[in-house]
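Student: dropping a prediction and its sequence here:
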Amino acid sequence: MKLNAAIHASKLPKVRFSVPKIATRKLVDEMNTRVAVCTNRVPKENINVLTSTPTANDVESRNSNTLAATQLIYAILEAVADRVEMHTNVGQQRDNWNTLLLNSINMITLTAAAMVGAAAIGGSGMPLLALKLSATLLYAAASGMLLVMNKIQPSQLAEEQRNATRFFKQLRSQIQTMLALGTPTQEDVEDVMERVLALDKAYPLPLLGAMLDKFPAKFEPTAWWPSHQLIIQKGNESHEGKQLETNGWSEELEAEMREIMEVVESKDSEDYERLGNLVLKINKILAISGPLLTGIAAVGSACVGNVAWAAVVALNAGALATIVNTIQHGGQVGMVFEMYRNAGSFFRLLKETIEAALEEKYLERRENGELFETKVTLQLGRSLSQLRDLARKSASFRNDGTAMDEFASKLF
């Protein structure tokens, strides 16, 4: 018997493999056309976001710039701290100059007057010549020392250094606050550098060549701050088209600041300018009178024994020179003038700060309105309610056409 076996296998399904077509010129042009159409439909800002993914190099570059700015700020902070120490030491030195020169010149003048009196009483021959020559030399030395002292005004120099120390300490605390609140930028570095250079120019350390004029033709406040005008222009350009925010400002607050600025300009600044010019004139008169009187005394002492009234002139001129010198340098008239000039500068800075804030078109570029109002209030030594009452009073007086009868500041 014969067996036949057969195996029936089911047919396998056909599997089709799609092989990508080789890119031809026609296919490439078609794909480029589709990409261009899709690109036109997507907003440009979305494309920029998608295509501007920060790379590791970009992040490293930003971190490097931030670190560099922070290091520069710390370097400036060290320089500011050094300037505080320098101005403190120089101020003490120049205050000592004022005391030592005042006492020395007065002692020289009084000694010369005593010699003139001795020569007039009973001097003759060689003793008379010796007394006359000694008195003449002492008066001449006093005249020369007075000329130098009146030129440099040590009491005014000491006050300048005290002001510089105060402003550099103020700048140091502001830099420390900046570092505590956040990371400084390159703009912060440039702003701090400008303020340091402005202070160096306003209060120079050397005497020869850089010393401020102690007898200017007109009273002029010292400017120790950089101009705000460039900051305003940069702000308007960089924020063009940006939506405005309130930032604590309102029309009422702006009107209040304008009234305060008007009172500061018409009352406080004008009053201190008047007082500064008055003290300047008094200081000029005293600075001329002192050396002139000692010079007359020197001539009179040289003529003792030859002219009857020479001793009287020498004694009286010497006594008057001592009085004038004591009033000018003992009363520190130069320091008083510098105090008035510093007060005038304070009101000028306050006025320019308010102007800069109000002229800034974009509110988000301004300092917060409530914070700005508080700072102005503290600078003027008032409370918020007193400041607002002053603004309302100023507006009322201006509408009535009468002059304001109150000063803005209660500190100066």
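Tutor: Structure received. Numbering: from 1, shown residues only.

Student: report the contact partners of the spatially most central residue of the chain.
Tutor: Nearest to the geometric centre of the chain sits residue 224, at 2.7 Å (CA atoms, centre = their mean). Residue 224 is in contact with 167, 198, 199, 202, 203, 345, counting by CB atoms under 8 Å, 6 or more residues apart in numbering. For every residue, glycine as well, the C-beta is placed using N, CA and C.

Student: so it, which state does it fall into?
Tutor: coil (DSSP: H, G, I helix; E, B strand; the rest coil).

Student: how about it: what's its closest non-neighbour residue?
Tutor: Among residues not flanking residue 224 along the chain, residue 202 sits closest, at 3.9 Å (CB to CB, 6 or more residues apart in numbering).

Student: which pLDDT value belongs to the one you found?
Tutor: Residue 202 is assigned 92 on the pLDDT scale.

Student: try the one 5 residues further on
Tutor: pLDDT recorded at residue 207 is 85.

Student: excluding chain neighbours, what is closest to it?
Tutor: residue 152 is the one closest to residue 207 (CB to CB, 6+ apart), at 6.3 Å.

Student: and if you look at residue 106?
Tutor: residue 322 (5.3 Å).

Student: what about residue 76, distance to residue 404?
Tutor: 41 Å (CB to CB, to the nearest Å).

Student: residue 314 against residue 301, yeah?
Tutor: Yes - judged on CB atoms under 8 Å, residue 314 makes contact with residue 301 at a distance of 4.2 Å.

Student: the chain: helices as residue ranges?
Tutor: Secondary structure of the chain (DSSP state H): helices located at 25-41, 44-51, 56-122, 125-152, 154-181, 186-202, 229-238, 251-263, 270-302, 310-325, 333-359, 369-379, 384-400.

Student: re earlier: near the residue nearest to residue 106, how many other residues are there?
Tutor: Per other CB atoms under 10 Å, the neighbour tally for residue 322 reads 22.

Student: who are the contact partners of it?
Tutor: Neighbours of residue 322 in contact, by CB under 8 Å, 6+ apart: 106, 109, 110.

Student: let me know the closest of those residues to residue 341.
Tutor: Nearest to residue 341, judged by CB to CB, of the contacts of residue 322 is residue 106 at 27.4 Å.

Student: can you pull the pLDDT of that closest one?
Tutor: 95.

Student: same check, this time on residue 252
Tutor: Note for residue 252: predicted pLDDT of 91.

Student: quick one, what contacts it?
Tutor: Residues near residue 252 by CB under 8 Å, 6+ apart: none.

Student: can you tell me how far it is from residue 279?
Tutor: 39 Å.

Student: next: residue 105.
Tutor: Taking CB to CB, one finds residue 105 at 22 Å from residue 279.

Student: so these two - more neighbours on which side?
Tutor: Taking neighbours as other CB under 10 Å, residue 105 and residue 279 compare with residue 105 leading, 24 against 20.

Student: I'd say the more buried one and residue 146 touch.
Tutor: Yes - proximity of residue 105 to residue 146 meets the contact threshold set by CB under 8 Å, at 6.0 Å.

Student: anything in contact with each of these two?
Tutor: What both residue 105 and residue 146 touch, as defined by CB under 8 Å, 6+ apart, is the set residue 325.

Student: residue 339 contacts residue 160, correct?
Tutor: No - using CB under 8 Å, residue 339 makes no contact with residue 160, being 10.5 Å away.

Student: next, count neighbours for the residue nearest to residue 207.
Tutor: 17.

Student: in contact with it, which residues?
Tutor: So residue 152 contacts 207, 211, 214 (CB under 8 Å, 6+ apart).

Student: before we move on, back to that, distance to residue 219 added to the helices of the chain, as JSON lines?
Tutor: Putting the helices of the chain into JSON lines (distance: least, CB to CB, whole Å) gives the following:
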{"stretch": "helix 25-41", "distance to residue 219": "67"}
{"stretch": "helix 44-51", "distance to residue 219": "56"}
{"stretch": "helix 56-122", "distance to residue 219": "22"}
{"stretch": "helix 125-152", "distance to residue 219": "18"}
{"stretch": "helix 154-181", "distance to residue 219": "13"}
{"stretch": "helix 186-202", "distance to residue 219": "16"}
{"stretch": "helix 229-238", "distance to residue 219": "24"}
{"stretch": "helix 251-263", "distance to residue 219": "20"}
{"stretch": "helix 270-302", "distance to residue 219": "4"}
{"stretch": "helix 310-325", "distance to residue 219": "22"}
{"stretch": "helix 333-359", "distance to residue 219": "7"}
{"stretch": "helix 369-379", "distance to residue 219": "22"}
{"stretch": "helix 384-400", "distance to residue 219": "25"}
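
Student: between these, which one is closest to residue 218.
Tutor: Using CB to CB, the helices of the chain put helix 270-302 closest to residue 218, at 7.2 Å.

Student: what's the mean pLDDT across the closest one?
Tutor: The pLDDT scores in helix 270-302 average 94.

Student: now for that helix, which elements pack on it?
Tutor: helix 56-122, helix 125-152, helix 310-325, helix 333-359 (3 or more CB pairs under 8 Å, 6 or more residues apart in numbering; DSSP states H and E).

Student: correct me, but the residue nearest to residue 224 touches residue 223?
Tutor: Yes - the criterion here is CB under 8 Å, and residue 202 meets it with residue 223 at 6.4 Å.

Student: so where's the chain uncertain?
Tutor: Along the chain, the parts satisfying pLDDT under 70 run over 1-64, 123-124, 228-245.

Student: run the last query once more with 80
Tutor: Scanning the chain for pLDDT under 80 picks out the ranges 1-67, 122-127, 227-246, 305, 307-308, 412.

Student: how many neighbouring residues does the closest residue to residue 340 other than its chain neighbours have?
Tutor: Closest residue to residue 340 apart from its sequence neighbours, by CB to CB, 6+ apart: residue 276 at 4.0 Å. Residues lying near residue 276 (other CB under 10 Å) number 24.

Student: for residue 407, see how far away residue 276 is.
Tutor: Residue 276 is 16 Å from residue 407, by CB to CB.

Student: try residue 117
Tutor: From residue 117 across to residue 407, the span is 52 Å (CB to CB).

Student: would JSON lines of the helices and strands packed on helix 270-302 with distance to residue 184 be doable?
Tutor: JSON lines is the format used below for these (distance: least, CB to CB, whole Å):
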{"stretch": "helix 56-122", "distance to residue 184": "5"}
{"stretch": "helix 125-152", "distance to residue 184": "39"}
{"stretch": "helix 310-325", "distance to residue 184": "51"}
{"stretch": "helix 333-359", "distance to residue 184": "21"}
